[in-house]
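Asker: Have a look; sequence and predicted model below, questions after that.
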Amino acid sequence: MPTYDFPQDLRDAQLALHETRAHYEQYARTLPWSAEPMPGWESEKQPYTSFRSGKTASPGYTDEQAAEIARFKARILELGVIVSTHPFWSSVESGIVDARMALKHVHEQPAEA
């Protein structure tokens, strides 16, 4: 597999994108299932099983929760644009998909001494 000499600012932006996305997903798991207040529901019993799917009522997001979600999404979009439009990509002559995949995993490699 070819190696790429990614500029440090591109590496930093990709790592920030990974971290921001992980924090967003962790935060989103703590929120109610619906952003807007919604009543709960339970489905009808299905044949050959006693399982009934359903959800409890959702109070919706508070203004602070909605603002935090919007902040995360805006930062993820900003970092995605920085990474995808970085001038480095114009220097990759072929195998841009391989280069992009390598960038996504470059932070997993041990730092060079």
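Answerer: Ah, there it is.
Asker: How much space separates residue 109 from residue 4?
Answerer: 11 Å (Cβ to Cβ, to the nearest Å). To be clear about C-beta, it is placed using only N, CA and C from the backbone, and glycine gets the same treatment.
Asker: Let me fix that, I meant to ask about residue 76.
Answerer: 23 Å.
Asker: can you tell me the helix or strand for the residue sitting nearest the centre point of the chain?
Answerer: Centre of the chain computed as the mean C-alpha position; nearest residue by Cα atoms, centre = their mean is residue 21, 3.5 Å away. Per DSSP states H and E, residue 21 falls inside helix 8-28.
Asker: returning to that earlier point: I'd like to know how many residues surround the residue nearest to the residue nearest to the centre of the chain when sequence neighbours are not counted.
Answerer: Nearest residue to residue 21 in three dimensions, chain neighbours excluded: residue 76, at 5.9 Å (Cβ to Cβ, 6 or more residues apart in numbering). A count of nearby residues for residue 76, using other Cβ atoms under 10 Å, gives 16.
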